Structures are given as structure tokens and as C-alpha cells.
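**Q** with the input below, show me the fold.
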Amino acid sequence: MSDINVNQVLAQMRTMSIEASSKPIKAEQTAGGSDFAAMLKDSIDSVNETQQTSASLSKSFELGDSDVGLAEVMIASQKASVSFQAMLQVRNKLVDAYKDVMNMPM
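**A** Numbers count the residues shown, from 1 in each chain. The predicted structure follows:
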């Protein structure tokens, strides 16, 4: 990966970090249940959208669309892969937490 790509990725990460930290936390969000479910659904939808974008770029490249470059396809594919792997790790942690709660003595 070249220095330009690394710098672009770092700039995107900084921007996302600033956006995430600048969002105000509502009282309902700290209360629990439905907001966590909504957040989880939004993140799953985001991963799905990333995968669909990757698939459409890949298909366009395979069909010979001159507007889509190989680098763009590979980056989209890696983004989809990383986001899916992150989602799997979150799922695994949630399952582990559920098992721990279920194994607690009453």
C-alpha cells in the first residue's frame, strides 16, 4: 500500500472518529434495550450495504466497465471483508457474554 493510500485511510479514520465522538448521547440510548437492537441492526445493514457495493463494483469490472478500476474493486472487496470479520467478532463476543450470563448461579 502506498503512502498516499495510507494517508487517505488514516484521514478517513480520523474523520469517522470525530463524527462518532461529536454525536450527542440521548438518555434513551443509555437506558438500553431497543436502542441497542437498533444500533446492532444499523451496523448489520451497513455491513450488508458494503458487501453489496463490493459485489456491484466487482460485477461492473468483470463486465468491462471503464469507469471502475481494479484498485477500486480490490479496496471495496477488502472493506467488505474487514467489516464482515468485525461483525463476526462482535457476534462471537455477544454469544460468549450470553453464555456467561446463562451459566451464572441464581
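**Q** show me what contacts the closest residue to residue 77 other than its chain neighbours?
**A** Leaving aside its chain neighbours, residue 77 sits nearest to residue 54 (5.1 Å; criterion: CB to CB, 6 or more residues apart in numbering). Placement of C-beta: from N, CA and C, glycine included. Applying CB atoms under 8 Å, 6 or more residues apart in numbering, we find residue 54 in contact with 73, 76, 77, 79, 80.
**Q** report how many residues lie close to the second one.
**A** Counted with other CB atoms under 10 Å, residues neighbouring residue 76 total 20.
**Q** what's the longest helix in this protein?
**A** In the chain, ranked by residue count with DSSP state H as the criterion, the top helix is helix 70-102.
**Q** what residues are up against the most centrally placed residue in the chain?
**A** The centroid of the chain falls nearest to residue 83 when counting by CA atoms, centre = their mean (4.1 Å). Residue 83 sits next to 46, 47, 50, 51 when contact means CB under 8 Å, 6+ apart.
**Q** follow-up on the earlier one: buried stuff in the longest helix of the chain?
**A** Neighbour counts using 16 or more other CB atoms under 10 Å place 73, 75, 76, 77, 80, 83, 87 of helix 70-102 among the buried residues.
**Q** same question for it, mean pLDDT?
**A** Mean pLDDT, computed over helix 70-102, is 92.
**Q** and it, how far out from the chain middle?
**A** 7 Å (CA atoms, centre = their mean, to the nearest Å).
**Q** wait, residue 47 touches residue 82, no?
**A** No - counting by CB atoms under 8 Å, residue 47 stays clear of residue 82, with 9.8 Å between them.
**Q** one step back: what's the closest of the buried residues of helix 70-102 to residue 11?
**A** residue 75 (14.5 Å; CB to CB).
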